[in-house]
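> Here you go, sequence then predicted model.
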Amino acid sequence: MKNHSIIFKTLACAVVLCTFSLHAQDVDNIEEVVVIGSKASLISAVDKQREADNIISVVDSDALGGFADTTAAEAVRRLSGISVENDQGEGRYITIRGLSSDLNSIAVNGASMVAPENGRSVMLDGLPTELLESITVAKSLTPEMDSDSIGGRIDFNTKKPSSIDGKLFKAKIQNNFSQYADENFNPKMSITYGEKLSDTFANILAVTYSSKDIVAYNNETGFGWEDGLMNDDYEMRFYELTRERYGLSYDADLLVSEGRVFLSAFWNQYDDAELRWKDEYGKIKLIDGTETATSMQTERIRHDAETRVRYETRTLSAFTFGFEGMMGDWIIDPKISYSFAEEDDSDNADVTFRNDMKDTVGTIEWSNPQRPTITPSDTSIYSPSELGFKELEITENVSKDSEFAFSVNAERETDLGTLKVGFKSKNREKDVDDYIIVYEADMTMADFDPQTLDWQFAGQTFSQQANPDMIYALRNQLDSLSVDFSNDYARDFVTEEKVNALYIQNTYTWDKGVIVAGVRYEDTSTESQAFDQDGNQVFAGSDHSFFAPSINIKYFLDDRLQLRGSIWKGLSRPGFKKTAPKLDYDNDEGDISGSAGNPDLKPYEAVNYDLSLEFYGDDMTFASVGLFRKNIENAIYPKIYKTATFLGVTFNDDVETWENAQDSTINGLELNLQYGWENGIYFAGNITLTDGESTFEPTDDVSFTTPFRKLADEAFNISLGYDEGPWDVRLAANYRSDYLDWLSDEGDDIDDVSENNSRFVDNYLQVDFTAKYKTSDNLEFKFEAVNLGNREEYYYWGNENQLSQYDVYGRNYSLGMTYNF
């Protein structure tokens, strides 16, 4: 694999440390000192929630670094109703009240964030918290907000320059240690500098860099189980990754006679260098009469050993320019924004070696379903000299997503309250260019310096694998190989989406409460183009209009107790890949598998109901109970067919597509409690209980229900801390129950769902520890321990005894310091 950027890391550390020294010498010139602890941050977040006119949850200021959180997604998971999907042990996607990431909208300083992958879900494992001032999750929408989320809206906010007085400086540096990784130099650092240069102009610049080595061990099986038996293939995988994150944000405010002109720029890059070794045993077929509850003998074992080297880059950026000020009796805020995201996965090499000895039998045993064992009768299937070069696969996949938006809002006071009207137009384009070429060669693994791995799971045999440096070097030797297959168009597609919106809302305030009511109208037009299997262009399009009335009520029962209620409508448009008229398929010796888009998908539409009671006590005391319900139409589910035909291609080895359900409902209960004692000890906790299902009616006389996809019935967060004097210590636990990941059907009709072939994600509990110690008002040291219980992630087919995927990442530790003025 490529060498780590040691020079860059060393220079970056030196810059941060030198900055500490230089600013320590200039301490008398720094006018603003920002000191905040965990308790103060929790109090500030609750105050913002209390003042809001809709239902929100907030992660504020120091809390973004107060927990042992690596990514922005992990920082949000501490809030009630929030859970997170992980990748390689790091939080990537945010789920709000059981609704997956593609059903929620995300913005940075008001500019929508677009997605680097081919769908709508924004990957947040590359977004560092050091660039952010606060995160707000809106669980009920008002007419002034985009309607494109049935779960909620997440706003990432950087610090406003106009809020500082004088100068602002903050620097962080820390180092991460991973249980399984060999690299012990994994720096994370950031610098924030802001200055009010005059009475009318101020700006803030923040930069961040981090590098983290990750090692993961994995077991997987292929599609489904049959009659409680492993009937497809079994894989063991080893991952070694280096993830580097670069971030930059710049904000400027210029005060003019009638208001404020502002500029916000946000850029983030995420580099992922990955080695994957895969040891796969396929063509598993039962010898009749040999099966038991936890084992079987197979009449054939096909052994594949695969080495993949990949260097992937993702970028996220958002830019906003606008004005806030008076025009006569109206407050106006015209604004333009541009968002861009890209995923570049075009630097890779993936070689599979195969031993296809058809007379090799063996025994498969899964008394521990997460760690099955396979025992072949002939161990020569492990021999590198018997593993022939099957193929070298090189892909050039570049996905781009961009959105340009213009909006203007105007509000004024009237006898009936504050009237607000607005218009927004946004144009979005998703462009996916996915090219694949496959080469053949007359070689064996023995020609590639076979490597032996120290495999972590006892009782399993992980065979030797090819040297990754020699595999990657094949990219420069392609002339000596023969082309077996290439496809430069079948996976490509372009989708253009235009949304125009109008709204009107009124905010009425009286001594007992606040009412925000109004309606929003959005008109959406979509055009997509892709290719069929013969290379001919295929077009599809749709138009959709949506009215979204809403009302949010906040009623003061007394000075400490308030009641909230809301009714609002929202929609979530289908993912771009899901609706593109395209096919993505592989032909492995006649076994054709892949996925097919469905241009006829309808958007989710939901009517949402919320009711909550909130108590605000002294200091940090806060308690609330909330009920919510969502009535959803057209929920979209991934569906796997064992056999089916789409766009002229007959699949005989699984095809994934997407279908609309008829009606879905979600009911939920949220409880929050936080309390602090005078001795510095405090408690913060929340629990969310949900229940949801979807109904499918494939024909007039057939109907069945399933759990709502990605909806965990239970989730809770508990934090116990001590914040007094120089010490700020916190122990935190985050839990979510199991949930449905996707549906599958054994036949080619959508008339039933096979539980054994539907995938579920097992429950997950993570415990983290953070300790901070202040040596002065300016300098603080910090220790973090993540995943103290070394909790693994587990996915299963139908029930917990049927492995789908099992991942182990280990514990992580970090030690660092923060210096601020």
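Thanks, I have the structure now.
> Can I get stretch 498-506 as PDB, trimmed to CA atoms?
Backbone C-alpha positions of stretch 498-506 (Å, rounded to 0.1, in the frame of the first residue of the first chain) are rendered in PDB as follows:
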ATOM      1  CA  LYS A 498     -35.500  20.900 -10.300                       C
ATOM      2  CA  VAL A 499     -37.500  22.000  -7.300                       C
ATOM      3  CA  ASN A 500     -39.400  25.300  -7.000                       C
ATOM      4  CA  ALA A 501     -41.100  26.200  -3.700                       C
ATOM      5  CA  LEU A 502     -43.400  28.900  -2.200                       C
ATOM      6  CA  TYR A 503     -44.600  29.300   1.300                       C
ATOM      7  CA  ILE A 504     -46.500  31.600   3.700                       C
ATOM      8  CA  GLN A 505     -46.400  31.300   7.500                       C
ATOM      9  CA  ASN A 506     -47.500  33.400  10.400                       C
END
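> which stretches of the stretch 251-400 of the chain form strands?
Along the stretch 251-400 of the chain, counting by DSSP state E, counting those that start in this stretch, strands occupy 259-282, 295-298, 302-327, 330-332, 335-355, 362-365, 373-376, 388-414.
> helices and strands around the helix or strand where residue 520 lies, which ones?
Assessed by DSSP states H and E, residue 520 sits inside strand 513-531. Helices and strands touching strand 513-531, by 3 or more CB pairs under 8 Å, 6 or more residues apart in numbering; DSSP states H and E, are strand 493-510, strand 537-556, helix 576-579. (Each C-beta comes from the backbone N, C-alpha and C, glycine too.)
> Pull out the buried positions in that strand.
Judged by neighbour count (16 or more other CB atoms under 10 Å), strand 513-531 contains these buried residues: 513-518, 520-522, 524, 526, 528-531.
> Next one, pLDDT for the residue nearest the centre of the chain please.
With distances taken as CA atoms, centre = their mean, the residue of the chain nearest its centroid is residue 93 (1.9 Å). Per-residue pLDDT puts residue 93 at 89.
> for the nearest residue to it once chain neighbours are set aside, phi and psi?
Distances taken as CB to CB, 6 or more residues apart in numbering put residue 101 closest to residue 93, at 3.7 Å, once the chain neighbours are dropped. Reported as degrees, to the nearest 10, the phi and psi values for residue 101 are phi -60, psi -30.
> Would you mind measuring from residue 101 to residue 122?
Going from residue 101 to residue 122 by CB to CB, to the nearest Å gives 7 Å.
> before we move on, what about residue 474?
With CB to CB as the criterion, residue 474 and residue 122 are 34 Å apart.
> quick one, which of those two is more surrounded?
Between residue 474 and residue 122, counted using other CB atoms under 10 Å, residue 122 has the larger neighbour count: 28 against 18.
> Assign the more buried one to helix, strand or coil.
Three-state assignment for residue 122 (DSSP: H, G, I helix; E, B strand; the rest coil): coil.
> if we can go back for a sec, of the buried residues of strand 513-531, closest to residue 464?
Closest approach to residue 464 among the buried residues of strand 513-531 (CB to CB): residue 531, at 40.1 Å.
> Tell me the secondary structure at the closest residue to the closest one other than its chain neighbours.
Once flanking residues are discounted, residue 531 sits nearest to residue 489: 4.5 Å by CB to CB, 6+ apart. Judged by three-state DSSP, the three-state class of residue 489 is coil.
> Now do the phi/psi pair for residue 489.
The phi and psi values for residue 489, taken as degrees, to the nearest 10, are phi -150, psi -30.
> and if you look at residue 289?
phi 90, psi 0.
> Show the contacting residues for residue 655.
The neighbourhood of residue 655, defined by CB atoms under 8 Å, 6 or more residues apart in numbering, consists of 585, 593, 594, 595, 596, 640, 641, 643, 644, 646.
> redo that, cut-off 7 Å
Shown in contact with residue 655 (CB atoms under 7 Å, 6 or more residues apart in numbering): 593, 594, 595, 596, 641, 644, 646.
> Could you give the bridge partners of it?
residue 594, residue 641 (DSSP bridges).
> Ok, the one 10 residues further on next?
Residue 665 has the following beta-bridge partners by DSSP bridges: residue 631, residue 693.
> quick one: it from residue 579, how far?
Where residue 579 is concerned, residue 665 sits at a distance of 25 Å (CB to CB).
> And for residue 139?
Taking CB to CB, one finds residue 139 at 27 Å from residue 579.
> and what of residue 548?
In terms of CB to CB, residue 548 sits 21 Å off from residue 579.
> Equivalent analysis for residue 731, please.
Distance, residue 731 to residue 579, by CB to CB: 45 Å.
> Between those two, tell me which one has more neighbours.
residue 579 (25 against 16).
> From residue 598, how far off is the more buried one?
7 Å.
> What are the buried residues along stretch 44-51?
Counting neighbours by 16+ other CB under 10 Å, one finds that the buried residues in stretch 44-51 are 44, 45, 46, 49.
> what's the closest of those residues to residue 362?
residue 45 (56.6 Å).
> by contact count, what packs against the helix or strand where the closest one lies?
Residue 45 is part of helix 38-51, with elements assigned from DSSP H and E. In terms of contacts (3 or more CB pairs under 7 Å, 6 or more residues apart in numbering; DSSP states H and E), helix 38-51 is packed against strand 56-60, helix 63-66, strand 714-724.
> Same list (those) but as CSV, adding mean neighbour count and distance to residue 249.
Below are those laid out as CSV (neighbours: other CB atoms under 10 Å; distance: least, CB to CB, whole Å):
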stretch, mean neighbour count, distance to residue 249
strand 56-60, 24, 17
helix 63-66, 25, 13
strand 714-724, 20, 27
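> ok, which stretches of the stretch 651-800 of the chain are strands?
Applying DSSP E, counting those that start in this stretch to the stretch 651-800 of the chain gives strands spanning 655-660, 663-676, 681-699, 702-707, 714-724, 727-736, 739-745, 759-761, 764-774, 779-786, 793-797.
> As a markdown table, these with mean pLDDT and distance to residue 291 would be great.
Shown next, in a markdown table, are the strands of the stretch 651-800 of the chain (pLDDT from 0 to 100; distance: least, CB to CB, whole Å):
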| stretch | mean pLDDT | distance to residue 291 |
| --- | --- | --- |
| strand 655-660 | 85 | 28 |
| strand 663-676 | 95 | 38 |
| strand 681-699 | 88 | 32 |
| strand 702-707 | 80 | 29 |
| strand 714-724 | 94 | 35 |
| strand 727-736 | 94 | 34 |
| strand 739-745 | 78 | 22 |
| strand 759-761 | 92 | 23 |
| strand 764-774 | 95 | 31 |
| strand 779-786 | 94 | 41 |
| strand 793-797 | 94 | 17 |
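> which one of those strands lies closest to residue 271?
Per CB to CB, nearest to residue 271 of the strands of the stretch 651-800 of the chain: strand 779-786, 21.4 Å.
> Tell me which other helices or strands the closest one touches.
So strand 779-786, by 3+ CB pairs under 7 Å, 6+ apart, packs with strand 764-774, strand 812-820.
> Kindly present the ones you listed as CSV, with separate columns for distance to residue 73 and mean neighbour count.
Output for the helices and strands packed on strand 779-786, formatted as CSV (distance: least, CB to CB, whole Å; neighbours: other CB atoms under 10 Å):
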stretch, distance to residue 73, mean neighbour count
strand 764-774, 13, 19
strand 812-820, 16, 19
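> For residue 421, find the nearest of these.
The nearest among the helices and strands packed on strand 779-786, by CB to CB, is strand 812-820 at 41.9 Å.
> Name the nearest residue to residue 203, sequence neighbours excluded.
residue 252 (4.2 Å).
> Can you tell me how far that neighbour is from residue 559?
From residue 252 to residue 559 the distance is 40 Å (CB to CB).
> for residue 372, same thing?
Distance, residue 372 to residue 559, by CB to CB: 61 Å.
> If you count surrounding residues, which of those two has more?
Taking other CB under 10 Å, residue 372 and residue 559 do not tie; residue 372 has more neighbours (23 against 7).
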